[in-house]
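[1] Structure of the sequence below:
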Amino acid sequence: MMDNNLSEKIKIVDLLSENKSVQLHPQGYSMYPLIVPERDEVIISPLRDHKIKRGDVLLYRRKNDKLILHRVYKKKNDKIYFVGDNESVVEGPLDISQVHGIMTAFYHKGKKIKTNNFFYFLSCQLWLFLLPFRKPIGKLIHKAKS
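    Numbering: from 1, shown residues only. Predicted structure coming up:
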């Protein structure tokens with residue numbers, strides 16, 4: 001999830017609509033373990049002519065005005081279904097008009113990773129495939145860390 005500060009949201013969306021990319025620290029744990037708040041950063045770029053596909057991480061605005069950064073679970077016609085990497089519930093359908101940008105790279109522990117990286121793509125597809133098993137996997141990881 002993104003910062004809820006309205007002036008920040010306006011700036012982000014304005015910059016994207018001016019065809020500029022933005023680099024920011026996402027808030028919340030919905031994209032954990034890929035993105036850790038206060039440590040990792042993301043680069044969001046305008047969609048331009050990008051054909052949205054399963055696995056893309058998009059910045060969209062919910063009807064309650066919050067900006068959200070989640071992964072595309074599926075796209076059907078002009079409707080998109082999203083899920084956070086740390087979530088097991090799919091959100092949607094949302095309208096394509098609610099989408100403002102796409103994550104094109106991120107800094108994970110200071111290392112820049114582009115979203116067109118083959119290993120990133122493969123791990124994202126695997127994580128989407130494992131959606132039904134995320135809760136049990138999360139519980140196992142939490143127990144292992146305790």
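[2] Show me what stretch 96-116 is in contact with.
    12-13, 16-17, 21-22, 34-36, 39-47, 50, 52, 56-62, 67, 69, 78-80, 120-121 (Cβ atoms under 8 Å, 6 or more residues apart in numbering). Backbone N, C-alpha and C define where each C-beta goes, glycine included.
[3] Tell me the gap between that stretch and the middle of its chain.
    Offset of stretch 96-116 from its chain centre (Cα atoms, centre = their mean, to the nearest Å): 7 Å.
[4] And that stretch, what's buried?
    Within stretch 96-116, the residues that qualify as buried are 99, 100, 101, 102, 103, 104, 105, 106, 107, 108, 115, counting by 16 or more other Cβ atoms under 10 Å.
[5] Make TSV out of these and add secondary structure and distance to residue 74.
    Shown next, in TSV, are the buried residues of stretch 96-116 (DSSP: H, G, I helix; E, B strand; the rest coil; distance: Cβ to Cβ, whole Å):
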residue	secondary structure	distance to residue 74
99	strand	14
100	strand	20
101	strand	19
102	strand	16
103	strand	18
104	strand	21
105	strand	23
106	strand	22
107	strand	28
108	strand	25
115	coil	18
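[6] could I get the residues you listed as JSON lines with pLDDT and distance to residue 30?
    Below are the buried residues of stretch 96-116 laid out as JSON lines (pLDDT from 0 to 100; distance: Cβ to Cβ, whole Å):
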{"residue": "99", "pLDDT": "94", "distance to residue 30": "17"}
{"residue": "100", "pLDDT": "94", "distance to residue 30": "17"}
{"residue": "101", "pLDDT": "96", "distance to residue 30": "17"}
{"residue": "102", "pLDDT": "97", "distance to residue 30": "17"}
{"residue": "103", "pLDDT": "97", "distance to residue 30": "13"}
{"residue": "104", "pLDDT": "96", "distance to residue 30": "19"}
{"residue": "105", "pLDDT": "97", "distance to residue 30": "19"}
{"residue": "106", "pLDDT": "95", "distance to residue 30": "14"}
{"residue": "107", "pLDDT": "94", "distance to residue 30": "18"}
{"residue": "108", "pLDDT": "89", "distance to residue 30": "16"}
{"residue": "115", "pLDDT": "95", "distance to residue 30": "17"}
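[7] Quick check: the residue lying closest to residue 42 once chain neighbours are set aside vs residue 78, distance?
    Counting by Cβ to Cβ, 6 or more residues apart in numbering, residue 42 lies nearest to residue 106, which is 4.6 Å off, once chain neighbours are set aside. Distance, residue 106 to residue 78, using Cβ to Cβ, to the nearest Å: 27 Å.
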